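In: Sequence and predicted model, in that order:
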Amino acid sequence: MSDTPQVTIYSADWCGFCQAAKQYLDRIDVKYTEKNVEENREYAEESVEKSGQTGIPVLDINGQIIVGFDRPRIDAALAK
């Protein structure tokens, strides 16, 4: 199905909001690619480049960048 959203989440194991965002995506059955910024420096740089800041989680949903676990914005981006 071509309507499947392309979702990437930049996260770290110690980040509670990252865990919450991943659990939320799992619960609503949205597949995502996780990029752990602690394990891979390039992912950290990519995250900062996309979001303009160092905070995580950063979600990239079909090119729309969302910083933090912002459920209304995540839902809106997934609905597009």
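Out: On my side now, so go ahead.
In: Run through who's touching stretch 65-80.
Out: Residues from elsewhere that reach stretch 65-80 (CB atoms under 8 Å, 6 or more residues apart in numbering): 5, 7, 17-18, 20-21, 24-25, 28, 30, 50-51, 53, 55, 57-62, 64. For the C-beta atoms, the positions are set from N, CA and C on the backbone; glycine is no exception.
In: Could you report the separation of residue 63 from residue 21?
Out: Distance from residue 63 to residue 21, counting by CB to CB, to the nearest Å: 18 Å.
In: which of the two has more neighbours?
Out: Counted by other CB atoms under 10 Å, residue 63 and residue 21 do not tie: residue 21 has more neighbours, with 24 against 9.
In: So residue 42 belongs to a strand, correct?
Out: No. Using DSSP: H, G, I helix; E, B strand; the rest coil, the secondary structure at residue 42 is helix, not a strand.
In: Give me the neighbour count for it.
Out: 9.
In: before we move on, what about residue 43?
Out: 19.
In: what's near enough to touch the closest residue to it other than its chain neighbours?
Out: Distance criterion CB to CB, 6 or more residues apart in numbering; nearest residue to residue 43, sequence neighbours excluded, is residue 35 at 4.0 Å. If you count contacts by CB under 8 Å, 6+ apart, residue 35 has them with 8-11, 43, 46-47.
In: about what we covered before: mind listing which of the contacts of stretch 65-80 are in strands?
Out: 7, 58-61, 64 (DSSP state E).
In: For ChimeraX, what selects the buried ones among the contacts of stretch 65-80?
Out: One line in ChimeraX is enough to select the buried ones among the contacts of stretch 65-80; burial here means 16 or more other CB atoms under 10 Å:
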select :7,18,21,25,50,51,57,58,59,60,61
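In: What residues does the nearest residue to residue 7 once chain neighbours are set aside make contact with?
Out: Closest residue in space to residue 7, ignoring its immediate chain neighbours: residue 32 at 4.0 Å, by CB to CB, 6+ apart. Shown in contact with residue 32 (CB under 8 Å, 6+ apart): 7-9, 22, 25.
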